[in-house]
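Enquirer: Please find the sequence and the predicted model below.
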Amino acid sequence: MKILISDSIERVCTEVLKREGFEVVNKTGMKPEELIQEVARYDALIVRSSTKVTAEVIAAGTRLRAIGRAGAGVDNIDVAAATRRGILVMNTPGGNTISTAEHTMSLLLSLVRNIPQANESMRRGKWDRKSYVGMEVFGKTVGIVGLGKVGREVAIRCQGFGMRTIGFDPVLSEDVAARSNIALVTLEELYAQSDVITVHTPLNVETKGLLNKETLGRCRAGVRVVNCARGGIVDEAAVLELLERGHIGGYAADVFQKEPPGDLPIIQHPKVVSTPHLGASTDEAQEKVAKQIADQLCDVLLERGIAGAVNGEAITHVYKKELAPFVALSEKLGQLHGQLLTGKLKRLTVRLIGNLPAGASEALSAAVVKGVLSHLLEEPVNYINAPVLAKELGLSVAVHQEASHPTYIHLISVVAQTDKGDHSFSGTVFGNSLLRIVECDGYGLEVNPEGHMLFYRNVDRPGMLARVGAELAAAGINIAGLALGRSSPGETALTVMSVDARIPDDLLQRLRTTEGLFEIQRAAL
């Protein structure tokens, strides 16, 4: 497998990949059209922040299985396009946490004490103490927007300076915040109470332009703002206007809406401190993220596990050893539905029964959908894009978890609802790896879900099995296994045969004209 590294990255990344047996090509500074031409030959792509992995690049990467970002932010990658194509996107969010938190503090302290401005004055030969009187941070309130790893590390450092730490995060629980000595507040409360605001969120639809003229206008007069996250979170034009009016006391930025920002007026403002995206630019951080993304990529491509996945929540659990047999069973249940489907599929209901491992819901439902759609769509379907494709098709997927079953320790049941009725398959895992189908449309039976299979319903009377057996024998097809299910003697029965070869079309047609047989279908797992 070949891996392309299109941005400058520490040598350890290439060393790790080559040691694991991959062919690595380092080709930096490509223009977009050059990258589109180049990427088609690779199984994986590693970038930092310079390369823009657009939908066009992703479409050209017909072999791509994974895109790795050596860093936290992935706004230079079209994650939606990658997901649609079934390409895993990974980042290394923890690798530069400390470096970014420390840089945030450097900017914060430089901002409130006017250090860069005073330094520049000194270089001009001046001794101007009066113009650069600063503000103590001790006893002041810092409002942290986004309490992920970086946000919480910033809180620890602010607390070391005696600051009161409040924060907003839509996910973090009050218990976790309390353990970090952070008071969770609403955004409105944060705006009203903060002497300093620092942002540590990803850039997405919800956070783009979060700090704008209106929201910043609701902040305390003289508030200082620090942005070491992503440029688009802060409206730079609004900040400049509020600086000019004196409502904002200062702005420190390591990131910008456009990078490099060029001749951006806000950078020239005397109350602005800026750096050229240096948050992760320490030797330690660069070494960590380079090795981390290489290790993660090796694990994914060699199917040893997944860490740092940005898209496809299910796939982070798919390779867990304890879930592997259940993933295999779920996919086979989906494959059966996909092959035996009659009518238009409207809804899938997945019931997960028993004490299954953590992450089972996402992984197993994705496996079911992958199994179904792989037989219905021409395009490749995998654990990453299966949920997206289902949504695009308008296919509803419901997942229910239940504590126990009267017969089985674990049971996975999948019901496919079509415009011609409902059909169900249920299966279990015996021991650690023995997969069995134990229910088909309400009939109890036991089937090994492997190889070629023949499904049919028949009138429950003597001689029916012999008729089918004779037809198979005449075609030279050996019966490898047999399972029978019936509700009561003389009623309709269900027969599932495992056979050693595919049932040819002409034999299938003959069976369909045999008196007493109906709903005759074949499948292969």
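Expert: In hand now; what should we look at?

Enquirer: So Asn212 versus Val239, what's the distance?
Expert: According to Cβ to Cβ, to the nearest Å, Asn212 stands 9 Å off from Val239. C-beta here means a position set from N, CA and C on the backbone, and glycine is covered the same way.

Enquirer: Those two: which has the busier surroundings?
Expert: Val239 (24 against 15; other Cβ atoms under 10 Å).

Enquirer: The more buried one: helix or strand, and which one exactly?
Expert: Secondary-structure element containing Val239, defined by DSSP states H and E: helix 236-245.

Enquirer: Run the chain-centre distance for that helix.
Expert: Per Cα atoms, centre = their mean, to the nearest Å, the displacement of helix 236-245 from the mean C-alpha position of its chain is 37 Å.

Enquirer: tell me which strands and helices the helix or strand that it is followed by is in contact with?
Expert: Scanning forward in sequence from helix 236-245 by DSSP H and E, the next helix or strand is strand 248-253. With contacts taken as 3 or more Cβ pairs under 8 Å, 6 or more residues apart in numbering; DSSP states H and E, strand 248-253 sits against helix 97-113, strand 223-227, helix 236-245, strand 272-274.

Enquirer: Determine which of the ones you listed approaches Met497 most closely.
Expert: Met497 sits nearest to helix 97-113 of all the helices and strands packed on strand 248-253, at 57.7 Å, using Cβ to Cβ.

Enquirer: now the closest one, how far from the chain's geometric center?
Expert: Taking Cα atoms, centre = their mean, the mean C-alpha location of helix 97-113 is offset from the chain mean by 30 Å.

Enquirer: what element comes up after it heading to the C-terminus?
Expert: Criterion used, DSSP H and E; the element after helix 97-113 is helix 115-123.

Enquirer: which element follows that following helix toward the C-terminus?
Expert: As assigned by DSSP H and E, the chain's next helix or strand after helix 115-123 is strand 141-145.

Enquirer: quick one: buried residues of the very next helix or strand once past that next one?
Expert: Counting by DSSP H and E, the next helix or strand C-terminal to strand 141-145 is helix 149-160. Across helix 149-160, burial judged by 16 or more other Cβ atoms under 10 Å covers Lys149, Val150, Gly151, Arg152, Glu153, Val154, Ala155, Arg157, Cys158.

Enquirer: In the protein, which residue is most central in space?
Expert: Against the mean C-alpha coordinate of the chain, by Cα atoms, centre = their mean, the closest residue is Asn311 at 2.0 Å.

Enquirer: that older thread, most packed of the helices and strands packed on strand 248-253?
Expert: strand 223-227 (a mean of 26; mean count of other Cβ atoms under 10 Å).

Enquirer: hang on, the earlier thing: nearest to Asp195 among the buried residues of helix 149-160?
Expert: Asp195 lies nearest to Cys158 out of the buried residues of helix 149-160, by Cβ to Cβ, at 10.9 Å.

Enquirer: And the residue nearest to the closest one when sequence neighbours are not counted, how far from Leu187?
Expert: Once flanking residues are discounted, Cys158 sits nearest to Val142: 4.8 Å by Cβ to Cβ, 6 or more residues apart in numbering. Distance check for Val142 against Leu187: by Cβ to Cβ, it reads 15 Å.

Enquirer: which of those two has more neighbours?
Expert: Val142 (27 against 15).

Enquirer: and that one, what does it touch?
Expert: Residues near Val142 by Cβ atoms under 8 Å, 6 or more residues apart in numbering: 108, 154-155, 158, 163-166, 194-198.
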